[in-house]
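**Student:** Just need the structure, nothing else, for what follows:
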Amino acid sequence: MDVRQLAHKLKKGDENALSEIITEFSPVTAAVIYNLSGESISRSDREEVLADTFAALWFNRKKISEERIAGYIICIAKNKTRDKIKTVTRKSAVSIEEIDIEDEITISDTIESEA
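**Tutor:** This is a model prediction of the structure:
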């Protein structure tokens, strides 16, 4: 079955069509996700992005263009990847409030000790 036929069935809610689309597009979609993210997100995060991509395709199936399904999938993957990178980056950043400073050092203390 060609991609347009699968997209048509997907739009009508055919879960088997989704399964075939996942099989067809997972390798290239995973490559796009990796090429965008590299090692900035973990393998499990990349797998999550891949799953989220096809979940988004399913939930938005009525909006897709049957002729442009490949581009639509790649666009979803790119957006999901960028979102995941932002989320991971924010989680790994340490805010100044989280830093536990045992001894407060002032500039005058530092100057006095050097004198």
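**Student:** Leaving out chain neighbours, which residue sits closest to the residue nearest the centre of the chain?
**Tutor:** When Cα atoms, centre = their mean is applied to the chain, the residue found nearest the centroid is residue 81 (2.5 Å). Sequence neighbours aside, residue 36 is the residue nearest to residue 81 in space, at 4.5 Å (criterion: Cβ to Cβ, 6 or more residues apart in numbering). C-beta: built from backbone N, CA, C; applies to glycine.
**Student:** go on, residue 52?
**Tutor:** residue 80 (5.0 Å).
**Student:** same check, this time on residue 10
**Tutor:** residue 17 (4.4 Å).
**Student:** Now do the host helix or strand of that neighbour: everything it contacts.
**Tutor:** Using DSSP states H and E, residue 17 falls within helix 15-37. Outside helix 15-37, the residues that touch it by Cβ atoms under 8 Å, 6 or more residues apart in numbering are 1, 3, 6-7, 9-10, 45-46, 49-50, 53-54, 57-58, 61, 69-70, 73-74, 77-78, 80-82, 84-85.
**Student:** Which positions in it come out as buried?
**Tutor:** Within helix 15-37, the residues that count as buried by 16 or more other Cβ atoms under 10 Å are 17-18, 20-22, 24-25, 29-30, 32-34, 36-37.
**Student:** For residue 76, see how far away residue 36 is.
**Tutor:** Residue 36 sits 12 Å away from residue 76, taking Cβ to Cβ, to the nearest Å as the criterion.
**Student:** Pull the most distant pair out of the buried residues of helix 15-37.
**Tutor:** 17 and 37 (28.0 Å; Cβ to Cβ).
**Student:** ok so, going back, distance between the helix holding residue 17 and the chain's centre?
**Tutor:** 13 Å (Cα atoms, centre = their mean, to the nearest Å).
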